[in-house]
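> Sequence unavailable; structure follows:
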């Protein structure tokens, strides 16, 4: 992997969205690149700043902190899709061909298959990275609009076990941003799950991964929500929140 390629792994590396080979390549690159080490350090520190201080009105640094956290903290989806089965690798396919056909034919078939697989894999990787970049840009634009709203309201509550959950809402945009910064992950492999309470009905707004302690989640339709809750659930989350809640922010 050349220097230009490895620089594109900065965002996915901080988001823990790289495979083992990419992580090893970027770790080697970090030992030689002062600029990338500084960028990684700043992005990782952004989420920690979410837990600093306590305010009753929106602080001047809220906008910058949230925008920084969008790039440094893994965002979560309301519904966690089942993981797609991992595709067979080109070497495995080539190995099967070598066992099934003659040596002369295998050279031709394996070469063609490897070229096709390499192209498909690279094309998929480019599309995934492009989708991530577009999603990050859209999220940043949405957060900018929310935090610039004249009716922005910020509320926060402590999380059981340490840390804070902060909720910034705008009725004009009918949306909000939930920012969780816990001091530690739940024990026994359990996870944090975010909720909004709408008409006394809990709505799941995203489940963190095992070991994950921080998240930034944009939620639409916050005008109908009366509370934002954080619960501790089994891996993958639950259909209804386990009580008592780890945090409950009254909106």
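Looks like it came in fine. These numbers were taken from a predicted model, which means no experiment stands behind them.
> can you pull out the helices in this structure?
Counting by DSSP state H, the chain has these helices, from start to end: 3-7, 10-14, 20-30, 34-49, 62-72, 90-100, 103-147.
> Can you flag the weakest of these by average pLDDT?
Comparing mean pLDDT over those, the weakest stretch is helix 90-100, at a mean of 42.
> what's the closest non-adjacent residue to residue 242?
Excluding its sequence neighbours, the residue lying closest to residue 242 (C-beta to C-beta, 6 or more residues apart in numbering) is residue 231, at 5.1 Å. Using the backbone N, CA and C atoms, a C-beta is placed for each residue, glycine as well.
> Around the one you found, how many other residues sit close by?
Residue 231: 25 surrounding residues under other C-beta atoms under 10 Å.
> next one: the one 3 residues further on
Residue crowding around residue 234 was assessed by other C-beta under 10 Å; the count is 15.
> any idea how far it is from residue 186?
10 Å (C-beta to C-beta, to the nearest Å).
> same thing with residue 245?
For residue 245 relative to residue 186 (C-beta to C-beta), the value is 13 Å.
> Same drill for the two, tell me which one is more crowded.
Between residue 245 and residue 186, counting by other C-beta under 10 Å, residue 186 is the more crowded of the two (23 against 20).
> Wait, the more buried one touches residue 232, no?
Yes. Between residue 186 and residue 232 there is a contact at 4.6 Å, judged by C-beta atoms under 8 Å.
> and for these two, which residues touch both?
The contact sets of residue 186 and residue 232 overlap at residue 192 (C-beta atoms under 8 Å, 6 or more residues apart in numbering).
> Show the end-to-end separation of stretch 238-251, please.
Counting by C-alpha to C-alpha, to the nearest Å, you get 23 Å between the two ends of stretch 238-251.
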